[in-house]
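Visitor: need coordinates for the below:
(one chain, ligands or ions: 1)
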Amino acid sequence: MNRLTIYAGEDGPIINRHIYGHFAEHLGRCIYEGIWVGEDSPIPNTRGIRNDVVEALRHLKIPNLRWPGGCFADDYHWRDGIGPREDRPRCVNTHWGKVVENNHFGTHEFMDLCDQLGCEPYICGNVGSGTVQEMRDWLEYMTFAGNSALANERRKNRQDAPWVITYWGVGNENWGCGGNMRAEFYADEYRRYATYCRHFNDGKLYRIASGPHDEDYHWTDVLMREAAAQMEGLSLHYYSLIQWENKKSATQFDESEWFTLLKKALYMNTIISQHSAIMDRHDPDKRIGLIIDEWGAWHAAEPGTNPAFLYQQNTLRDAILAGVTLHIFHNHCERVHMANIAQTVNVLQAMILTEGEKMILTPTYHVFEMFKGHQGATRLPILLQGQDYTFSGDAIPQLSASASRNHMGEILVTACNLNPHQPVELFCNLYGTKITDVTGRLLTAGAMNAFNTFESPDTVKPIPADGMILDGNNLTIMLPAMSVVAVTLT
Ligand code: AHR
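Guide: Here you go, the predicted model:
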């Protein structure tokens, strides 16, 4: 018996909308082509930013966008990306294929993008190869309202009003591509940088320290011990992948790889629990957010593409991976204040793929769209009793689910069936509310590796969920094998 009990009359914590954040790096075709095509492009654009991509992302209600990296951030010098575009220096993107970066997409273009998307900027500053002064000056340039040289330079570059910046990363992966630092060294550096990272207007900066990856619990402990007083958030990176060396194909896989990848995704729960336990010791009130600003599936680059560009396809498996991960974030939302899937367009587990003027939405996009009602909603306590999905002597839960109530009293229930063979009849009991109506949408496909292409863009897309039965406050949801469902109850 698969049963979901929802205590709909009870109050839980708010699912921070920033958990549904995104990440766009100067990497491969994410920024250039995927977002920025330039004002003279035949691809319809607004001030150089492609309209189709903006429209699709607006539909997701994306709350924030992290930029300019990733590893790129610690080799980025903001002054290269301001002023007349034709005068901007051409630099080498050392991390991602040594391609030439023309800096046509810089601070003003990024802030314009956030404006067009209606989202908050999350900027990652350069610790690895930058200076405290460079970082501090960037903040003054962007946020000072008064009559200073830097604020006037911004005005000269046609931005009169200061921007509002809240989320600010102090370096990225400083244990690796951001300078190969030890935790102890970075903690001291962080304190120094963070001292000068301030909002020059009335706003308050939310400073995010570069955090650990995977099981590096030492990094978390040292940062929390030495620098908690100067930080509002601590980042964590965890990618789901089968193996680092010789990564596996995004589309050509058997059930063994299906199972293994989903098991890796579920491991996010352990990773968060362990880092949270360390943070709890230093910050029992959970003031400091755990910011999972890079997560998602990392597969081999598509054959025939530049391996340094990390362009990968996106299947139904990735959609389910996204669903279970978002549920894990909900479960930890007292500590997880923000998360950013990597990356928005054409890189890693993307929402959108582009080819010239063409654009397609990935299965992962559809999960973010189906789940968007959870943003800012109250998480409801649930009890999920389900069978295991077993494969080759190993087992993971077959089901993953979450429920929330929005400010209008609507309840959103989302569930994933991880088993590629067995459909599930999920019996839901709701307590503490009266349900009169139910509507639902379903994402599934005929094959584990189904994906959308430019020729066939709708192979994996949501359809109305059939077969739901509402009987008083009891609801039966039919979950086909390998599926994601989103049900709204009013
Ligand atoms: O998202 C791709 C890369 O993965 C990022 O640049 C880096 O932070 C991480 O290692």
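Visitor: pLDDT on stretch 308-327, on average?
Guide: The average pLDDT within stretch 308-327 is 98.
Visitor: now it, how far from the centre of its chain.
Guide: Its chain's average C-alpha position is 11 Å from that of stretch 308-327, according to CA atoms, centre = their mean, to the nearest Å.
Visitor: span of stretch 116-134 from start to end?
Guide: End-to-end distance for stretch 116-134: 27 Å, by CA to CA, to the nearest Å.
Visitor: show me where the stretch 151-300 of the chain has its helices.
Guide: With DSSP state H, counting those that start in this stretch as the criterion, the stretch 151-300 of the chain has helices at 183-196, 217-227, 255-266, 268-282.
Visitor: rounded mean pLDDT for the shortest one, please.
Guide: Same thing as helix 217-227. Helix 217-227 comes out with an average pLDDT of 98.
Visitor: between that helix and helix 183-196, how many degrees?
Guide: Angle of helix 217-227 versus helix 183-196, following axes from the mean of the first three to the mean of the last three CA atoms, to 10 degrees, is 40 degrees.
Visitor: make TSV out of the helices of the stretch 151-300 of the chain and add distance to residue 156.
Guide: Bear in mind the C-beta positions are built from the backbone N, C-alpha and C, glycine included. TSV is the format used below for the helices of the stretch 151-300 of the chain (distance: least, CB to CB, whole Å):
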stretch	distance to residue 156
helix 183-196	24
helix 217-227	36
helix 255-266	48
helix 268-282	43
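Visitor: and those helices as JSON lines, adding mean neighbour count and distance to the ligand?
Guide: Converted to JSON lines, the helices of the stretch 151-300 of the chain look like this (neighbours: other CB atoms under 10 Å; distance: least, CB to the nearest ligand atom, whole Å):
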{"stretch": "helix 183-196", "mean neighbour count": "18", "distance to the ligand": "15"}
{"stretch": "helix 217-227", "mean neighbour count": "20", "distance to the ligand": "14"}
{"stretch": "helix 255-266", "mean neighbour count": "19", "distance to the ligand": "16"}
{"stretch": "helix 268-282", "mean neighbour count": "17", "distance to the ligand": "15"}
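Visitor: residue numbers of the protein in contact with the ligand?
Guide: Residues of the chain lying close to the ligand (CB under 6 Å from any ligand atom) are 25, 69-71, 172-173, 294, 342-343, 348.
Visitor: keep only those of those that are in strands.
Guide: Counted as lying in strands by DSSP state E, out of the residues of the chain next to the ligand, are 294, 342.
Visitor: which among the residues of the chain next to the ligand gets closest to residue 43?
Guide: residue 343 (19.7 Å; CB to CB).
Visitor: who touches that closest one in this structure?
Guide: Residue 343 sits next to 22-25, 27, 30, 70, 296, 310, 349-350 when contact means CB atoms under 8 Å, 6 or more residues apart in numbering.
Visitor: lowest-pLDDT helix or strand in the protein?
Guide: Using mean pLDDT, DSSP states H and E, the weakest-scoring helix or strand in the chain turns out to be strand 469-471, at a mean of 93.
Visitor: list the buried residues for that one?
Guide: Buried residues in strand 469-471, counted by 16 or more other CB atoms under 10 Å: residue 470.
Visitor: what's the helix or strand just after it packed up against?
Guide: Next helix or strand after strand 469-471 toward the C-terminus (DSSP states H and E): strand 474-479. Contact partners of strand 474-479 among helices and strands, from 3 or more CB pairs under 8 Å, 6 or more residues apart in numbering; DSSP states H and E: strand 411-417, strand 424-431, strand 483-489.
Visitor: re earlier: buried subset of the residues of the chain next to the ligand?
Guide: Looks like those have 25, 69-71, 172-173, 294, 342-343, 348 buried, using 16+ other CB under 10 Å.
Visitor: and which of these is nearest to the ligand?
Guide: residue 70 (2.7 Å; CB to the nearest ligand atom).
Visitor: contacting residues around the closest residue to that closest one other than its chain neighbours?
Guide: Spatial nearest neighbour of residue 70, excluding adjacent residues (CB to CB, 6 or more residues apart in numbering): residue 25 at 3.8 Å. Residue 25 makes contacts with 31, 67-73, 96, 342-343, 347, as judged by CB under 8 Å, 6+ apart.
Visitor: ok, and what's touching stretch 73-80?
Guide: Contacts to stretch 73-80, defined as CB under 8 Å, 6+ apart, come from residues 25-26, 68-69, 88-89, 91, 93-95, 103, 106-107, 124-130, 134, 138, 141, 169, 171-174, 177-179.
Visitor: can you give me the end-to-end distance of it?
Guide: End-to-end distance of stretch 73-80 (CA to CA): 13 Å.
Visitor: got the buried residues for that stretch?
Guide: Residues of stretch 73-80 classed as buried under the neighbour-count rule (16+ other CB under 10 Å) are 73-76, 78-79.
Visitor: in strands, which of those residues appear?
Guide: Among these, no member falls in strands (DSSP E).
Visitor: columns distance to residue 424 and pLDDT on top of these, output as TSV?
Guide: Shown next, in TSV, are the buried residues of stretch 73-80 (distance: CB to CB, whole Å; pLDDT from 0 to 100):
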residue	distance to residue 424	pLDDT
73	42	98
74	45	98
75	48	98
76	47	98
78	50	98
79	56	98
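Visitor: could you work out the most separated pair of those?
Guide: 74 and 79, at 15.6 Å, using CB to CB across the buried residues of stretch 73-80.
Visitor: isn't residue 3 right up against residue 427?
Guide: Yes: using CB atoms under 8 Å, residue 3 makes contact with residue 427 at a distance of 5.0 Å.
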